[in-house]
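Participant: Fold the stuff below for me.
(one chain, ligands or ions: 2)
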Amino acid sequence: MLSPPFPDDVPTHPLLVIDYQLLQEGDAAEIERLWEAARKLGFWYLKNHGVEEEASRMFEMGEETMRLPLEEKMKYEQGDDGRSFGYKAAGSSAVDASGQHDTMEFINVSKDDALAYPNIVHRAYPSTVNERMESTISPFVTKSVHVNDTILEIFNDKLGLPKGTLTRLHSKTEYSGSEARTTKNPPGYAPDRMAIGAHTDFGSLSFLHNRLGGLQVLPPGYTEWQYVKPIPGHAICNVGDALSLFSGGILRSNLHRVLPPPGPQSHLDRWSLVFFTRPGNSIVLRALVEDSPLIAEAVRNTPGKNFEPGETAKEWFARRVKYQRLNNRVGPESWKTSRGTENE
Ligand SMILES: O=C(O)CCC(=O)C(=O)O
Ligand SMILES: [Fe+2]
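Facilitator: Residues are numbered from 1 along each chain as shown. Ligands and ions are numbered 1, 2, ... in the order given. Presented below is the predicted three-dimensional model:
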């Protein structure tokens, strides 16, 4: 898919490029660079991840799904009770406290549903999803889980946690909010109109595939949003709230948002694809202070911060999704209720 280049006259933020191949080989210098990226910004590029073909097929699945009549897609809508799985129509969520609506549609497929197919764990999906569950979605999910698990194991060691701690919190045997998401944002909106509002991700790790620009980060100490330039073959990875809480804030869950693609890309449909790894539903989100002296020390050194929101991963996730939905909005306080680690 050839598209006009990302413009060179907009502010971009460089991310460290991490080589997944080297991570798998246990390369100490590469692990150190990943550790730096995850603590300082919480975002990095990942190359040599081996999921390019599966990602391309996921984009095809997304195109087939978004081409369905809106009425058909709405049969699989995520609803207002805080569930993410299913279809999210453009305009159903707020992008800020004023209640401005988002412009992006999603299809979210649960990891559990993809891997159990044709059995249903959580819910049913449109025909275009079902037709590609085995050929496209399940292989993408399986590979993405493996990439994120590899990174979680590295963080486990660097955080000084007993072996297998983070793996256990993201267990293969417990259902979770982990999901694959394909998004579409149509052209025609003002260049500064948010497609998705400023947020931190809700789970542990996000594995994002972008073709066009539009993703922006607000790096620590900055007051101006910066674009993250898409690089062919490079995924964009980031830390989410759950992992930030587990680590006592050592790992950074950074604010980001999506605008229309800048410059000559602005007249195109913008597609993106994410795999979100989230903890098992029953896992209580809190700093793992008893398991790691490093985490205990990090918490001691940031006395103003609350690393114990008193929610399970499922509750945290549902609250955040639910109160972003405009159907649940009663005022600016609804946006506040939907927040995670953003304001800390
Ligand atoms: O589309 C993108 O580039 C990012 C999407 C995102 O931040 C999200 O879905 O949480
Ligand atoms: Fe995000």
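
Participant: Leaving out chain neighbours, which residue sits closest to whatever residue of the stretch 151-300 of the chain ends up closest to ligand 1?
Facilitator: Distances between the stretch 151-300 of the chain and ligand 1 by C-beta to the nearest ligand atom are smallest at S272, namely 3.2 Å. Any C-beta I mention is one placed from the backbone N, CA and C, and that applies to glycine too. Nearest-residue entry for S272: T183, 4.7 Å, with adjacent residues in sequence omitted and distances by C-beta to C-beta, 6 or more residues apart in numbering.

Participant: That neighbour and D269 touch, don't they?
Facilitator: No - contact criterion C-beta atoms under 8 Å: T183 and D269 do not qualify, at 10.2 Å.

Participant: Between these two, point out the one with more neighbours.
Facilitator: T183 (22 against 13; other C-beta atoms under 10 Å).

Participant: For the more buried one, which residues are in contact?
Facilitator: By C-beta atoms under 8 Å, 6 or more residues apart in numbering, T183 lies in contact with G62, M104, E105, F106, R270, W271, S272, L273, V274.

Participant: Identify all contacting residues around stretch 308-328.
Facilitator: Under C-beta under 8 Å, 6+ apart, the answer for stretch 308-328 is 78, 80-84, 91-94, 99, 101, 176-177, 197, 202-203, 241-242, 245, 278-287, 329, 334-335, 337-340.

Participant: Just the buried ones from those?
Facilitator: 78, 82-84, 92-94, 101, 176-177, 197, 202-203, 241-242, 245, 278-281, 283, 285-287, 329, 334-335, 338-340 (16 or more other C-beta atoms under 10 Å).

Participant: Would you mind naming what in this structure lies close to ligand 1?
Facilitator: R181, T183, I196, D201, L208, N210, L215, H256, V258, S272, V274 (C-beta under 6 Å from any ligand atom).

Participant: Tell me where this structure is predicted with low confidence.
Facilitator: Within the chain, the stretches with pLDDT under 70 are 1-2, 343-344.

Participant: can you pull out the helices in it?
Facilitator: 20-24, 28-40, 52-66, 70-74, 111-116, 127-130, 138-158, 165-169, 241-246, 293-301, 313-324, 332-337 (DSSP state H).

Participant: Would you mind finding the most buried of these?
Facilitator: Mean neighbours per residue, mean count of other C-beta atoms under 10 Å, is largest over the helices of the chain for helix 241-246, with a mean of 28.

Participant: circling back to that earlier point, okay, now the residue of the stretch 151-300 of the chain closest to ligand 1: neighbour count?
Facilitator: 25.

Participant: you'd agree it is up against G213?
Facilitator: No - between S272 and G213 there is no contact, the gap being 10.7 Å when judged by C-beta under 8 Å.

Participant: On the strand side of things, show who the residue of the stretch 151-300 of the chain closest to ligand 1 bridges to.
Facilitator: T183, N210 (DSSP bridges).

Participant: from the contacts of stretch 308-328, which ones fall inside strands?
Facilitator: G197 (DSSP state E).

Participant: Next, name the residue at the spatial heart of this protein.
Facilitator: In the chain, the centroid-proximal residue (C-alpha atoms, centre = their mean) is S206; its distance is 3.9 Å.

Participant: For that residue, which residues are in contact?
Facilitator: Per C-beta under 8 Å, 6+ apart, neighbours of S206: C237, N238, G240, V274, F275, F276, T277.

Participant: okay if I get these as TSV plus neighbour count?
Facilitator: Below are the contacts of S206 laid out as TSV (neighbours: other C-beta atoms under 10 Å):
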residue	neighbour count
C237	25
N238	26
G240	25
V274	22
F275	28
F276	25
T277	26
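
Participant: In strands, which of these appear?
Facilitator: C237, N238, V274, F275, F276, T277.

Participant: thought the fourth one was touching H146?
Facilitator: No - counting by C-beta under 8 Å, no contact exists between F275 and H146, whose distance comes to 10.5 Å.

Participant: What subset of the residues of the chain next to ligand 1 is buried?
Facilitator: R181, T183, I196, D201, L208, N210, L215, H256, V258, S272, V274.

Participant: what about stretch 62-73, distance to the chain center?
Facilitator: Computed by C-alpha atoms, centre = their mean, to the nearest Å, the chain-centroid distance of stretch 62-73 equals 22 Å.

Participant: make that stretch 276-286, sorry
Facilitator: With C-alpha atoms, centre = their mean, you get 14 Å for stretch 276-286.

Participant: Alpha carbons of that stretch, in CSV - could you do that?
Facilitator: Output of stretch 276-286 as CSV, limited to C-alpha atoms (Å, rounded to 0.1, in the frame of the first residue of the first chain):
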residue,chain,number,x,y,z
PHE,A,276,-3.5,-5.0,23.7
THR,A,277,-2.2,-7.4,26.3
ARG,A,278,-4.1,-6.9,29.6
PRO,A,279,-3.9,-8.8,32.9
GLY,A,280,-6.2,-11.6,33.8
ASN,A,281,-9.7,-10.3,34.8
SER,A,282,-9.4,-11.1,38.5
ILE,A,283,-5.9,-9.6,39.0
VAL,A,284,-5.9,-6.7,41.5
LEU,A,285,-4.0,-3.7,40.1
ARG,A,286,-1.4,-2.7,42.6
